[in-house]
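1. pasted the sequence and its predicted model underneath.
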Protein chains: 2
Amino acid sequence: MSQQAVKVGLIGLGTVGQGVIRVLQKNAEEIARRVGRPVQVTHASARDLGRPRDTDLAGITLVADALSLAREADIDVLVEVVGGQTVAKDAILAALARGKPVVTANKALLAENGNGIFAAAAEAGVPVAFEASVAGGIPIIKAIREGLAGNRIDSLAGIINGTCNYILSQMTVKGQSFADALADAQKLGYAEADPTFDVEGVDAAHKLSILASIAFGMPLSFPAVACEGITKVTAQDIQIAQTLGYRIKLLGIAKRSAAGVELRVHPTLIPDDQLLAKVDGVLNSVLVQGNAVGQVGFYGRGAGGDATASAVVADLVDVARGLGAEAHRHVPALAFQPAAVQALNLLPISAIESCYYLRLRVADEPGVLKGLTGILAEHDISIEAILQKEPRGDDDATVALITDRVAEQRFDAALAAIQALPFVREGAARIRVEHFKD
Amino acid sequence: MSQQAVKVGLIGLGTVGQGVIRVLQKNAEEIARRVGRPVQVTHASARDLGRPRDTDLAGITLVADALSLAREADIDVLVEVVGGQTVAKDAILAALARGKPVVTANKALLAENGNGIFAAAAEAGVPVAFEASVAGGIPIIKAIREGLAGNRIDSLAGIINGTCNYILSQMTVKGQSFADALADAQKLGYAEADPTFDVEGVDAAHKLSILASIAFGMPLSFPAVACEGITKVTAQDIQIAQTLGYRIKLLGIAKRSAAGVELRVHPTLIPDDQLLAKVDGVLNSVLVQGNAVGQVGFYGRGAGGDATASAVVADLVDVARGLGAEAHRHVPALAFQPAAVQALNLLPISAIESCYYLRLRVADEPGVLKGLTGILAEHDISIEAILQKEPRGDDDATVALITDRVAEQRFDAALAAIQALPFVREGAARIRVEHFKD
């Protein structure tokens, strides 16, 4: 243990940055026993260095400018947890240009600029590690990239946004509306003042594009992710889904088949006996299907300073072991050797096949079910379950049904025909259903 | 991809050995794209080479003697999946002595002889990888050893024997007796003709000792595992536990505190809202508690040729990347550097603290509850839940209760006093209860 410490330069002293310092401090002995030498933050930068912080910064050289830290500081590795695009990207590229490995938690940056960053890392022959970018403390990147390396990975599906999972869980347990559950989540600090990125599914789409690339060995393809948030999910749909034996979760789903790759984020009905359906609150969970292992599932905290720091520090331990190693010894950033990463055919959402949940408000009159089922039969769509609810108060009834697998395009054509029926009111809900059979 | 293949010598052509060949064949292209070169089994040995097998052995040099394969064959890495102690151990030590890395699935060998094997590996400066030894395809060794390397790991608990989990799940769902559920498991191939190793908890204890060592950085300590199987669990206890809001699982539990380390395998009541309680059938699951990440959970197939091969091949990919690297670049076998592995104080089972489920047959007469609760109060044991069931048919009633946390010794003293009460019949059941609060 007498060897020199690994010197870490840290960009960002927010929740995660302070978590990294705290975890490296409190677990210093364990970490040194693992690595064979200590790992210490020696330099740090933040937007406002004067702000009071709870974390002990003694012994850390504070630098006003992130870019000069990356360019000049005497460090072995750069940790980027400042977020955002411009400064983070410039600092990462500057460190790589100096041959310094990088650890980052920045999913938005990787999803949108990862291909360039990984190319720069491959050229420099040093790793860019990013376990903390997806699902917080769950070591899902390592699991897919290394732990399941013997598999052809066929699909993955994940609850990868804790804000949405919290809101949907509260709507399920308390029967709250989306707006009320969101307001509660904001009060508790689980949702931001402007929650758009989370509730519209953009954050989940960022993370999904990272998981899909390492699972399938393809370049990051964030713009190809079909993305639908949870703002239109109603307490009524959650309750009907429960009656039919399902839970509603916001999932990121990546699947590949002979036709191509599907990348999609949307509210999804899952059978309630699936473990994934039982992951509630702010927890994250990812289910991976490999052609040797079958289904493997992971769950844990997807956010929070210490949980995210757990992932950053795990990356630091890997990086510390690999310092100065030949490039071919590093696990490739996208799981496959850079030359073997292949663009795959990305399917538009209209081409996917899925089961569907459909909920309609209809006039309470004879012939409604006959009309509905007639149109579905015309479009060759089978019904797996159906539920008709008595009208309460007004004169509209509710019909909900779940279909068998059908191409999205065909389902949408049937839905358009159904909505043109004279007895069907406005405001249909259409939510995809997944079963994840092993 | 034009580089020379990694040459694998395989000892054992049973279910797992054939799985390894099959997975390396069917995923050859993906694996080569990950590693940067192909990975091929070039030599194999089995006890009976003449036995017909479904697997394509073309291109593999078959060797009658495992030891000569390990000693002489032109291989880069040895895979040992033959099981047992003597041949497996000799072959592994022979390969290490030649400086060849080893991949093994042999939990019994590692649990009982791992310290010597890892010492030999450290001396040789090459890795011994053993992902397949615990929980089949779930990458739990990698998760604990690398993915959670930033944590001080405080405890872990796992369903790590699929046979027992299948039997307990069937007893729960069908109300079967242990004997009937075991017979069904044997018919389906989930239990061996002689099921002792599984149902008495020995297999789980082997795996627990491996997990505990890498979690806590201590030598393998299989003899210190307190081990109790599932043969005495009754359908009645499972049903009463359900009424009280619990499931019964065979768990391997490792915990550390200031006092020392607990290592134990026993049937356990878990609250039914815990995800661990919902892992049924032959699935395995492990819950890890780290001081940064909080709780992280993993589940998947714990056995089967392809699932276990998934883990073996993942190890092969790691080993391939590290071939010829300096020793300090390898992840240490027990997660901590060999010199930093420390013997810890191992607590006897009498010293642990736990909640308890107690079920008694008692005479159906006044004063029973007063007598029972009086003794528990005398021993300063609080009751968390209690259930009295009407006698059916005969004149005995059933009383079941769950206690708060109490030292095992104190609980056993109270139990002895209770069993001496005149109205208490023979045949009390005592099962530990764990809550796994994050």
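-> Sure thing, it's come through.

2. can you list the weak-confidence ranges in chain A?
-> Counting by pLDDT under 70, chain A has low-confidence residues at A:1-2, A:394.

3. could you chop it up by domain?
-> A:6-139+A:305-340, A:140-301, A:352-433 (automatic domain parsing).

4. redo these as JSON lines? Include mean neighbour count and distance to B:Ala191.
-> Yep, even glycine has a C-beta here, placed from its N, CA and C like the rest. Compiled in JSON lines, the domains of chain A are given as follows (neighbours: other Cβ atoms under 10 Å in any protein chain shown; distance: least, Cβ to Cβ, whole Å):
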{"stretch": "domain A:6-139+A:305-340", "mean neighbour count": "21", "distance to B:Ala191": "32"}
{"stretch": "domain A:140-301", "mean neighbour count": "22", "distance to B:Ala191": "20"}
{"stretch": "domain A:352-433", "mean neighbour count": "16", "distance to B:Ala191": "35"}
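
5. which one in chain A is furthest away from the centre?
-> A:Pro366 (45.4 Å; Cα atoms, centre = their mean).

6. what's near enough to touch A:Lys207?
-> Contacts of A:Lys207 were listed using Cβ atoms under 8 Å, 6 or more residues apart in numbering or on different chains, and they are A:107, A:111, A:133-135, A:158, A:160-161, A:252.

7. nearest to B:Ala119 among these?
-> Taking Cβ to Cβ as the measure, B:Ala119 lies nearest A:Ala135 of the contacts of A:Lys207, at 36.6 Å.

8. list the contacts for the closest one?
-> A:Ala135 is in contact with A:158, A:160, A:207, A:284-286, A:298, A:300, A:302, counting by Cβ under 8 Å, 6+ apart.

9. just checking, A:Ile230 touches A:Asn165?
-> No - the criterion here is Cβ atoms under 8 Å, and A:Ile230 misses it with A:Asn165 at 9.4 Å.

10. what do the two both touch?
-> Common neighbours of A:Ile230 and A:Asn165, counting by Cβ under 8 Å, 6+ apart, are A:Leu250.

11. who are the packing partners of the strand or helix carrying A:Ala95?
-> Assigned by DSSP states H and E, A:Ala95 falls within helix A:86-97. In terms of contacts (3 or more Cβ pairs under 8 Å, 6 or more residues apart in numbering or on different chains; DSSP states H and E), helix A:86-97 is packed against strand A:6-11, helix A:66-72, strand A:77-80, strand A:102-104, helix A:107-124.

12. 7 Å - rerun?
-> Counting contacts by 3 or more Cβ pairs under 7 Å, 6 or more residues apart in numbering or on different chains; DSSP states H and E, helix A:86-97 is packed against helix A:66-72, strand A:77-80, strand A:102-104, helix A:107-124.

13. which of the ones you listed sits closest to A:Leu415?
-> helix A:107-124 (30.9 Å).

14. residues in contact with that closest one?
-> Residues outside helix A:107-124 that contact it (Cβ atoms under 7 Å, 6 or more residues apart in numbering or on different chains): A:85, A:88-89, A:92-93, A:96-97, A:99, A:104, A:127-128, A:130, A:133-134, A:206-207, A:209-210, A:219-220, A:222, A:333-334, A:338.

15. could you redo the last one with a cut-off of 6 Å?
-> Residues outside helix A:107-124 that contact it (Cβ atoms under 6 Å, 6 or more residues apart in numbering or on different chains): A:85, A:88-89, A:92-93, A:96, A:99, A:128, A:130, A:133, A:206-207, A:209-210, A:219-220, A:222, A:333, A:338.

16. with stretch A:243-258 instead?
-> By Cβ under 6 Å, 6+ apart, stretch A:243-258 touches A:155-160, A:164, A:168, A:204, A:208, A:212, A:216, A:230, A:238, A:241, A:262-265, A:267-272, A:277, A:385.

17. interface residues of chain A facing chain B?
-> Contacts of chain A with chain B, taken as Cβ under 6 Å from any Cβ of the partner chain, map to A:23, A:27, A:30, A:33-34, A:36, A:137-139, A:142-143, A:147, A:149-152, A:278, A:292-294, A:296-301, A:306-307, A:309-310, A:313-314, A:317, A:321, A:325, A:329, A:336-337, A:340.

18. can you tell me which residues contact the residue of the stretch 201-350 of chain A found nearest chain B?
-> Ranked by Cβ to the nearest Cβ, the top residue of the stretch 201-350 of chain A for proximity to chain B is A:Val313, at 2.8 Å. By Cβ under 6 Å, 6+ apart, the contact list for A:Val313 reads A:23, B:150.

19. distance check, A:Arg51 against chain B.
-> Taking Cβ to the nearest Cβ, to the nearest Å as the measure, A:Arg51 falls 23 Å from chain B.

20. same check on A:Glu80?
-> 17 Å.

21. ok, now A:Ala64?
-> Taken as Cβ to the nearest Cβ, the span from A:Ala64 to chain B is 28 Å.

22. cool, A:Tyr356 as well?
-> Taking Cβ to the nearest Cβ as the measure, A:Tyr356 falls 27 Å from chain B.

23. that residue and A:Leu401 touch, don't they?
-> No - judged on Cβ atoms under 6 Å, A:Tyr356 makes no contact with A:Leu401 at a distance of 8.5 Å.

24. helices along the stretch 301-438 of chain A, start to end?
-> A:305-322, A:368-378, A:408-419 (DSSP state H, counting those that start in this stretch).

25. likewise for the stretch 101-250 of chain A?
-> Assigned by DSSP H, counting those that start in this stretch, the stretch 101-250 of chain A shows helices spanning A:107-124, A:140-142, A:162-174, A:178-187, A:196-199, A:202-216, A:235-243.

26. can I get those helices in TSV including distance to B:Ala179?
-> Shown next, in TSV, are the helices of the stretch 101-250 of chain A (distance: least, Cβ to Cβ, whole Å):
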stretch	distance to B:Ala179
helix A:107-124	52
helix A:140-142	41
helix A:162-174	40
helix A:178-187	49
helix A:196-199	52
helix A:202-216	44
helix A:235-243	38
